[in-house]
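Asks: pasting the structure only:
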């Protein structure tokens, strides 16, 4: 897979990238809808359609800073070739399928970054790693759920004070309506951050084939294709992970669901504007833990949360190993 690819192979590899994007939407659908489904504000069928729509239109609200980070900020764009792209995508896809089958809400984002690092290092050694991009992404692994937890906890405290004079039935009805907005905002943040990772992979593949000229950029057709693939994946949902996110960590009320989604949206909007490819899974999990802990610490099932944290730590190295294996597999052909 060295040099210029035949057109049909190029199309096939772009298809693999869009398959990853579809699986990302499938795998991470629970992140967007778990709270609104578990609080029974929306039925699962309506919730996935709601999330898919806002996943798709996210490109209207954000720049392409995350796509640029993935395309040239993790490993040097100069060493990217079809074999590296294939290894990166397969590392992410295989790990996503494993964790989806087990119902583990691991990070599609960090699986892709791990696969890209594994394949890139296999080709060019450690010198190809872009330290600043990897550093800010690695720091975000820990900061996004931690900050999300505190933001969501503060939102619970603030909204509880604002609604202190409102009777419980009226407050519950208000938060049910507000959850429609918070779920939409979270889905926008999810689509804005996650779909850009696939855009970056496809764009750097086109750049490696000399199809973008001397300047790296993301063509508009790539933007639309990535957003559409993620939206379709979300439509198919991820019900195993919905159960973990929506009920196994802590039981949620509409008030708590609104705070978790709003906290998550704040974190994702901020990260996307800063060009940091964070994990939507990490973010919403931290927010759900935060709203549960606001009630009382024992309301959070810390054992389940601990298993999720282990999956976070394992994801990047596991995907890197798989990505490296697929990279070397391509060298046989």
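Replies: Received the coordinates, thanks. Computed from a predicted structure; not experimentally measured.

Asks: against residue 171, how distant is the residue of the chain most remote from its centre?
Replies: Of all residues in the chain, residue 165 has its C-alpha farthest from the mean position, at 38.0 Å, by C-alpha atoms, centre = their mean. Going from residue 165 to residue 171 by C-beta to C-beta, to the nearest Å gives 10 Å. Backbone N, C-alpha and C define where each C-beta goes, glycine included.

Asks: following the worst-scoring helix or strand of the chain on mean pLDDT, which helix or strand shows up next?
Replies: Each helix and strand of the chain was given a mean pLDDT (mean pLDDT, DSSP states H and E); the minimum falls on helix 239-243 at a mean of 50. Using DSSP states H and E, the helix or strand that follows helix 239-243 towards the C-terminus is helix 254-274.

Asks: in that following helix, what counts as buried?
Replies: By 16 or more other C-beta atoms under 10 Å, the buried positions in helix 254-274 come out as 254-269, 271-272.

Asks: for stretch 64-81, same thing?
Replies: So for stretch 64-81, counting by 16+ other C-beta under 10 Å, buried means 64-75, 77, 79-81.

Asks: do stretch 46-54 as well
Replies: Neighbour-count burial for stretch 46-54 [16+ other C-beta under 10 Å]: 47, 48, 50, 51, 52, 53, 54.

Asks: what pLDDT is listed against the nearest residue to residue 163 once chain neighbours are set aside?
Replies: Spatially, and ignoring its direct neighbours in sequence, residue 163 is nearest to residue 171 (4.7 Å; C-beta to C-beta, 6 or more residues apart in numbering). Note on residue 171: pLDDT of 92.

Asks: just give me the neighbour total for residue 171.
Replies: 19 (other C-beta atoms under 10 Å).

Asks: how much space separates it from residue 151?
Replies: 21 Å.

Asks: so what's the closest residue to residue 148 other than its chain neighbours up against?
Replies: Excluding its sequence neighbours, the residue lying closest to residue 148 (C-beta to C-beta, 6+ apart) is residue 286, at 3.6 Å. Residue 286 makes contact with 144, 145, 146, 147, 148, 149, 152 under the criterion C-beta atoms under 8 Å, 6 or more residues apart in numbering.

Asks: also residue 121?
Replies: 75, 128, 129, 320, 324.

Asks: do that again at 6 Å, thanks
Replies: Counting by C-beta atoms under 6 Å, 6 or more residues apart in numbering, residue 121 makes contact with nothing.

Asks: how about residue 198?
Replies: Contact analysis of residue 198 by C-beta under 6 Å, 6+ apart lists 17, 21, 226.

Asks: and the least confident of those?
Replies: residue 21 (89).

Asks: returning to that earlier point: what about the buried residues of stretch 46-54, which are in helices?
Replies: Cross-referencing these against helices under DSSP state H gives 47, 48, 50, 51, 52, 53, 54.

Asks: once you drop chain neighbours, what's closest to the last one?
Replies: Same thing as residue 54. Going by C-beta to C-beta, 6+ apart, residue 54 has residue 187 as its nearest residue, at 3.6 Å.

Asks: check the first one too.
Replies: The shortest distance from residue 47 to any non-neighbouring residue, by C-beta to C-beta, 6+ apart, is to residue 33 (4.1 Å).

Asks: the one you found: neighbour count?
Replies: So residue 33, with other C-beta under 10 Å, has 30 neighbours.

Asks: can you map out the helices along the chain?
Replies: So, for the chain - with DSSP H - the helices run 7-38, 44-56, 65-72, 82-102, 108-124, 131-162, 168-208, 220-236, 239-243, 254-274, 280-295, 302-330.

Asks: in a markdown table: these, plus distance to residue 214.
Replies: Compiled in a markdown table, the helices of the chain are given as follows (distance: least, C-beta to C-beta, whole Å):
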| stretch | distance to residue 214 |
| --- | --- |
| helix 7-38 | 19 |
| helix 44-56 | 32 |
| helix 65-72 | 13 |
| helix 82-102 | 20 |
| helix 108-124 | 21 |
| helix 131-162 | 21 |
| helix 168-208 | 9 |
| helix 220-236 | 18 |
| helix 239-243 | 42 |
| helix 254-274 | 27 |
| helix 280-295 | 34 |
| helix 302-330 | 26 |
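
Asks: any idea which of the ones you listed scores lowest on pLDDT?
Replies: helix 239-243 (a mean of 50).

Asks: hmm, back to that, what's the spacing between the residue nearest to residue 163 and residue 281?
Replies: Distance of residue 171 to residue 281, computed by C-beta to C-beta: 29 Å.

Asks: give me the contact list for stretch 6-21.
Replies: For stretch 6-21, contacts defined as C-beta under 6 Å, 6+ apart pick out 82, 89, 92, 93, 198, 201, 202, 226, 229, 230.

Asks: contact partners for the fourth one?
Replies: Under the criterion of C-beta under 6 Å, 6+ apart, the contact list for residue 93 reads residue 20.

Asks: since that was my last question, I'll sign off now.
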